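Colleague: sequence and predicted structure below; questions after.
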Amino acid sequence: MGEPKEVIRNPEPDDVPSEPGGAPSPASTESTSSSEPSKPRFAHPAEAEFAAFLDFYRIRWEYEPKAFPLRWRDGRVAEMFRPDFYLPEQDLYVELTTMRQSLVTRKNRKVRRLRQLYPNINIVLLYRKDFHELLSRFGYGSVHITSLRPDQIERVLLSAAEIQGRVAELGQQISADYAGESILLVGVLKGITFFLADLSRAITRPLAIDYLQLAHTGEGVHITKDLDLDVRGQHVLLVEDIVNTGVSVDFVLRTLREREPASLRVCTLLDKAERRLVPVPVDYVGFTIPNEFVVGYGLDYRELYRNLPFLCVLKREVYEEALPGE
Ligand SMILES: O=P(O)(O)OC[C@H]1O[C@H](OP(=O)(O)OP(=O)(O)O)[C@H](O)[C@@H]1O
Ligand code: HPA
């Protein structure tokens, strides 16, 4: 039913940004983007550094894709401005600048003129020291709050934009599959917090939300917080953040089946299929991911990192050193 995304960067044709209405057309030129295999020849080391920074956070970029005419003389273009980067997911042009005041003044003037002529174009002038600040514009605001420790993070696996895009697709698919029905979404605490909040808002059917919490002990799995609602006769969709061994989902499915819902399906954001010990039916999968420990977007390492808006792989040594005997 679900078409899970493999977590590899999927190259897609990059959208050419729309031309500003009413103003003279910017000259579209050949663009080089992050989804192309070869990296562009950057004019300045700071640009290469910015591209690497964007790649780390899996933010799509194009290098100098457009030139905007800024001034005309005798009917001919007398001045052009080609911003360094375009970020299609944010619909934002970025011009990098150094601390050299003469350059900053000139660039500021160009940016102001571009905004006047092309009011629909979003552009920022960015200092190197502000790279991280830019993230707050992309929904990455909590990076500082959680004090993301780069030394603990192997890599960003899914960006906020990638997660949100896939959640929207899942919401559409679920809404279509449950046409004419209402749904009872059952989330398993606590990792489900953000996925359930976003997924439920992407579903356009009437729905109720309820929560379960489980504990895993030597004797097996048991419920520490049961549902408030009666599931009998309801179309229940069990929502998980991640399915690993399958033990949790298997337990919940067996428990809920006994309560005689009208239907029972499973949706998970992440499927670590390699880790499966108990086969479980999963109807909707956001992403199939490799067998690595991931944090962010609800998933934790010792209760930390849940509030990262993206998903990253924790360095193996961080959790392995904590394992034997803790
Ligand atoms: O397929 P399994 O091997 O059973 O693993 C999946 C379970 O593990 C995670 O919960 P976790 O115990 O980490 O609790 P949390 O959601 O509160 O972080 C996740 O939310 C699933 O419920
Ligand atoms: O990869 C994971 N990260 C966080 N919590 C988890 N619970 C199961 N797998 C994971």
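Modeller: The structure has been received and is ready for your questions. Ligands and ions are numbered 1, 2, ... in the order given.
Colleague: next secondary structure after the host helix or strand of S200?
Modeller: For S200, the enclosing helix or strand under DSSP states H and E is helix 193-202. Where DSSP H and E defines the elements, the next helix or strand beyond helix 193-202 is strand 207-217.
Colleague: can you name every helix or strand that that following strand contacts?
Modeller: Here strand 207-217 touches strand 183-189, helix 193-202, strand 220-225, helix 247-257, going by 3 or more CB pairs under 8 Å, 6 or more residues apart in numbering; DSSP states H and E. The way it works is simple: take the backbone N, C-alpha and C, and place the C-beta from them, glycine included.
Colleague: where in the protein is the helix or strand with the lowest mean pLDDT?
Modeller: Scoring the helices and strands of the chain by mean pLDDT, DSSP states H and E places strand 27-28 at the bottom, with a mean of 48.
Colleague: how near is the nearest residue to A273 once chain neighbours are set aside to ligand 1?
Modeller: In this structure, A273 finds its nearest non-sequential neighbour in T288, 5.6 Å apart by CB to CB, 6 or more residues apart in numbering. Separation of T288 from ligand 1 (CB to the nearest ligand atom, to the nearest Å): 14 Å.
Colleague: thought T288 was touching L269?
Modeller: No - T288 is beyond contact range of L269, at 10.8 Å (criterion: CB atoms under 8 Å).
Colleague: so, low pLDDT: which residues of the stretch 51-200 of the chain?
Modeller: Counting by pLDDT under 70, the stretch 51-200 of the chain shows low-confidence ranges at 99, 136-150.
Colleague: show me where it has strands.
Modeller: Assigned by DSSP state E, counting those that start in this stretch, the stretch 51-200 of the chain shows strands spanning 62-63, 66-73, 76-81, 85-87, 92-97, 123-127, 153-158, 183-189.
Colleague: number of nearby residues for the residue nearest to A273?
Modeller: Look at T288: counted by other CB atoms under 10 Å, it has 15 neighbours.
Colleague: what are the bridge partners for it, then?
Modeller: Taking DSSP bridges as the rule, T288 bridges to E6, D271.
Colleague: report pLDDT for it.
Modeller: Model confidence at T288, given as pLDDT, is 98.
Colleague: now it: how far from V282?
Modeller: Computed as CB to CB, to the nearest Å, the T288 to V282 distance reads 10 Å.
Colleague: shared neighbours, the two?
Modeller: Here T288 and V282 share the contacting residues D271, scored by CB atoms under 8 Å, 6 or more residues apart in numbering.
Colleague: what sits against S263?
Modeller: The neighbourhood of S263, defined by CB under 8 Å, 6+ apart, consists of H235, V236.
Colleague: how close does it get to ligand 1?
Modeller: 21 Å.
Colleague: how about G296: what's its closest non-neighbour residue?
Modeller: Among residues not flanking G296 along the chain, L308 sits closest, at 3.5 Å (CB to CB, 6+ apart).
Colleague: how about that neighbour, secondary structure?
Modeller: coil (DSSP: H, G, I helix; E, B strand; the rest coil).
Colleague: just to revisit the earlier point, turn the strands of the stretch 51-200 of the chain into a markdown table, columns for mean neighbour count and distance to R41.
Modeller: Shown next, in a markdown table, are these (neighbours: other CB atoms under 10 Å; distance: least, CB to CB, whole Å):
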| stretch | mean neighbour count | distance to R41 |
| --- | --- | --- |
| strand 62-63 | 23 | 9 |
| strand 66-73 | 16 | 17 |
| strand 76-81 | 13 | 19 |
| strand 85-87 | 23 | 14 |
| strand 92-97 | 21 | 16 |
| strand 123-127 | 17 | 20 |
| strand 153-158 | 19 | 25 |
| strand 183-189 | 22 | 49 |
